[in-house]
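> heads up, no residue letters with this:
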């Protein structure tokens, strides 16, 4: 039995662009598009580039986020950012609609 055909170059390029855009928006995270065993795009993984402290974990800060689609991943990343800002860990980023 054979698996599905390889993904077209255009699809792979779109995935690369999505990952690059997400990493620019969330520089503290390494973003990976997960693939199934058959080579079909699956979910998304975001892993922090820095360690999470005990107090951050207690507050709800996570090291890894795994989501089924990019929209859910962005929501989870935004929630993590809100937790960090509430803890005073991260300054608000300019240009993101957060106000002055």
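All right, it came through fine. Values in this document were obtained by computation on a predicted structure and should not be read as measured data.
> hey, where'd the helices end up in the chain?
9-25, 54-59, 70-87 (DSSP state H).
> Give the buried residues for the longest one.
Applying a neighbour-count criterion of 16 or more other Cβ atoms under 10 Å, one finds 70, 73, 74, 76, 77, 80, 81, 83, 84 buried in helix 70-87. All C-beta atoms are positioned from the backbone trio N, CA, C, and that covers glycine.
> Just send the helices of the chain back as CSV, with mean pLDDT and distance to residue 38 too.
Output for the helices of the chain, formatted as CSV (pLDDT from 0 to 100; distance: least, Cβ to Cβ, whole Å):
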stretch, mean pLDDT, distance to residue 38
helix 9-25, 93, 14
helix 54-59, 94, 35
helix 70-87, 96, 20
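> Nearest to residue 45 among these would be which one?
helix 70-87 (8.5 Å; Cβ to Cβ).
> I'd like to know which elements the closest one is packed against.
Under the contact definition 3 or more Cβ pairs under 8 Å, 6 or more residues apart in numbering; DSSP states H and E, helix 70-87 sits against helix 9-25, strand 41-48, helix 54-59, strand 64-67.
> Which secondary structure elements does the longest one sit against?
If you count contacts as 3+ Cβ pairs under 8 Å, 6+ apart, helix 9-25 packs onto strand 29-35, strand 41-48, helix 70-87.
> Repeat the analysis, applying 7 Å as the threshold.
Counting by 3 or more Cβ pairs under 7 Å, 6 or more residues apart in numbering; DSSP states H and E, the packing neighbours recorded for helix 9-25 are strand 29-35.
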